[in-house]
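K.L.:
Provided below are the primary sequence and the corresponding predicted coordinates.
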Amino acid sequence: MKRELDKKNIKYSVVELDLVNHGKELEDKLKEMSHCSTVPNTYIGGKHFGGCRETMEALDSGSLFKMVECSREELIDIQL
């Protein structure tokens, strides 16, 4: 997914849960908040958007760029 975001020049940040301190606890909290147990998870403007499938569909349709633009955010947080 990162490669596809790069191709579209969409800025994002990544939190690699397997590489950060307390990654498992963070993952558990994100699951509790988003009710989504898969990774990656995408957040736009601090709000949960969806998983990989939803993000790729929105990227392919062009709606992801519009959502990022409308939220006045250039940042998509992806938890891997």
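P.N.:
Looks like it came in fine. Nothing here was measured: the structure is a model prediction, and the numbers come from that model.
K.L.:
Quick one: end-to-end distance for stretch 29-46.
P.N.:
Counting by Cα to Cα, to the nearest Å, you get 15 Å between the two ends of stretch 29-46.
K.L.:
Buried residues of that stretch, list them for me.
P.N.:
30, 34, 36, 39, 40, 41, 42, 43, 44 (16 or more other Cβ atoms under 10 Å). All C-beta atoms are positioned from the backbone trio N, CA, C, and that covers glycine.
K.L.:
And the closest residue to residue 5 other than its chain neighbours, what's its pLDDT?
P.N.:
Closest residue in space to residue 5, ignoring its immediate chain neighbours: residue 12 at 5.4 Å, by Cβ to Cβ, 6 or more residues apart in numbering. On pLDDT, residue 12 comes in at 83.
K.L.:
Over to the one 5 residues further on?
P.N.:
In the prediction, the pLDDT value recorded for residue 17 is 87.
K.L.:
got it, and residue 29?
P.N.:
87.
K.L.:
Kindly report the same for residue 47.
P.N.:
84.
K.L.:
Torsion angles phi and psi at it?
P.N.:
With angles defined as degrees, to the nearest 10, residue 47 sits at phi -110, psi 140.
K.L.:
same check, this time on residue 41
P.N.:
Torsion angles, degrees, to the nearest 10, at residue 41: phi -120, psi 140.
K.L.:
Could you verify my assumption that it touches residue 29?
P.N.:
No. Using Cβ atoms under 8 Å, residue 41 makes no contact with residue 29, being 11.7 Å away.
K.L.:
By residue count, tell me the biggest helix in this protein.
P.N.:
helix 23-34 (DSSP state H).
K.L.:
So which other helices or strands are in contact with it?
P.N.:
strand 76-79 (3 or more Cβ pairs under 8 Å, 6 or more residues apart in numbering; DSSP states H and E).
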